[in-house]
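Trainee: Here you go, sequence then predicted model.
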Amino acid sequence: MHETDMTKALILTVRDWWESQPKPPEISHIHLIVGQFTCVEPASLQFAFEVQTRNTFLEGATLLIRETPLIAFCHCCQQDYHPEIGVQYACPTCRSPMEDIRSGRELKIDRIEYAVSEKPEYNKVTV
Amino acid sequence: MHQTFDAALEINLLHANQEGADHNRAHFDEWGITCFNIMSSPGAGKTALLERTLAALTNEFKIAVIEGDMTTELDADRLRQYHVPVIAINTGRSCHLDSKMVSGGIHRFAHEYNPSEFDLVLVENVGNLVCPAEFEVGEHTKIALLSITEGEDKPLKYPVMFQAADCLLITKMDLAPHLDVDVNQIVANVRQMNPHVKIISVSAKTGEGLNVWFDWIRSQIQPNH
């Protein structure tokens, strides 16, 4: 269940950013990009996120995961193709092996949506 | 009154692990050590392969082992019989080694031994075809094992592991006559996604293919020794 570790990494990274802000913002959404050619299962990540953010500065924040498809580039055919995970990775046209992965390996925190209270006496919540 | 904003982070989730792996690799390079990360499903024969490897090569190279295991030291004890340093790391509930755990092991190793005297560190990862593929530990070379009893389809089902491997050992070849498994199909399935991987068929029981494996190890050792 390495999604637990991935989620821990996610929370620590976001916390670094959160603590670096002049006023601690209220984070509403975290946008994550997860490639289909990784060992990460979005549903497990979503579950781990809900559990691990309880009673933290991220309580109530929504995790939005965008999956990117596996796309490879075939140098023989000079074109992109979509390998079928679990079935066939070679180029469907010329059978050249999958060598150049163009999409599908992403595991990235893309962006954060947040709100900042204009009241100066905002209390910083500690984790 | 609230104002909403958007901040672009674009940070890799495995950033911290990657930094740790680079740190470990820098230590190995400084000491002139080559590091292998050895991965497979549970029971594919990692420890048996290491036993044969240590028995054959400890006269030629100075070798240490970092042994990842969820809860026990059973594998570590098997390897200690070959009189090499074996640093055991219990990963607890975690199903893979990460660079931070291995870093702890490396620092213990460097404290107890003179690392500059060593040529090769073999990291035996936790048996698992999924998670270890995503967590680099500072290795120079990734070794995957697939025992012939696991069948032809495993590279297709666990592609991230087999796509990243520099060397694939097909193990337990002595069982091939008893099975309806086509080794050529295993090779073809791996080559679809990893055309340049070195593939060696071995049996730790009969010794088949081990000399090819040992020669390949010799070709990977850092030359500054």
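Mentor: Perfect, I can see it now. Numbering: from 1, shown residues only, chains lettered A, B, ... in the order given.

Trainee: quick one: low-confidence ranges for chain A?
Mentor: Scanning chain A for pLDDT under 70 picks out A:1, A:118-127.

Trainee: hmm, 90 instead?
Mentor: By pLDDT under 90, the low-scoring segments of chain A are A:1-6, A:8-9, A:12, A:23-24, A:39, A:116-127.

Trainee: Run through the helices of it in chain order.
Mentor: In chain A, the helices defined using DSSP state H lie at A:3-19, A:42-52.

Trainee: At which residues are the strands of chain B located?
Mentor: Using DSSP state E, the strands of chain B run over residues B:2-12, B:34-39, B:63-69, B:86-90, B:120-124, B:141-147, B:167-171, B:198-201.

Trainee: can those go into JSON lines with extra columns for mean neighbour count and mean pLDDT?
Mentor: Quick note: C-beta positions are derived from backbone N, CA and C, even for glycine. Shown next, in JSON lines, are these (neighbours: other Cβ atoms under 10 Å in any protein chain shown; pLDDT from 0 to 100):
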{"stretch": "strand B:2-12", "mean neighbour count": "12", "mean pLDDT": "88"}
{"stretch": "strand B:34-39", "mean neighbour count": "25", "mean pLDDT": "98"}
{"stretch": "strand B:63-69", "mean neighbour count": "25", "mean pLDDT": "94"}
{"stretch": "strand B:86-90", "mean neighbour count": "20", "mean pLDDT": "93"}
{"stretch": "strand B:120-124", "mean neighbour count": "26", "mean pLDDT": "97"}
{"stretch": "strand B:141-147", "mean neighbour count": "24", "mean pLDDT": "98"}
{"stretch": "strand B:167-171", "mean neighbour count": "24", "mean pLDDT": "98"}
{"stretch": "strand B:198-201", "mean neighbour count": "18", "mean pLDDT": "98"}
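
Trainee: Quick one: closest of the ones you listed to chain A.
Mentor: Closest approach to chain A among the strands of chain B (Cβ to the nearest Cβ): strand B:2-12, 4.2 Å.

Trainee: related to what we said a few turns ago, and B:D6, which of the helices of chain A is closest to it?
Mentor: B:D6 lies closest, by Cβ to Cβ, to one member of those: helix A:3-19, at 12.7 Å.

Trainee: hmm, who's touching the closest one?
Mentor: A:24-25, A:27, A:30, A:32, A:40-41, A:44-45, A:47-49, A:52-53, A:56-58, A:107, A:109, A:112, A:127, B:7, B:9, B:11, B:13-17, B:94, B:98 (Cβ atoms under 8 Å, 6 or more residues apart in numbering or on different chains).

Trainee: and what of stretch B:97-113?
Mentor: Identification of contacts with stretch B:97-113 by Cβ under 8 Å, 6+ apart yields A:5, B:17-21, B:23-24, B:27-28, B:31, B:64, B:66, B:68, B:85, B:87, B:89, B:91, B:94, B:115, B:121, B:123, B:125-126, B:132, B:135-138.

Trainee: Now the buried members of those.
Mentor: Buried by 16 or more other Cβ atoms under 10 Å in any protein chain shown: A:5, B:17, B:20-21, B:24, B:27-28, B:31, B:64, B:66, B:68, B:85, B:87, B:89, B:91, B:94, B:115, B:121, B:123, B:125-126, B:132, B:135-138, out of those.
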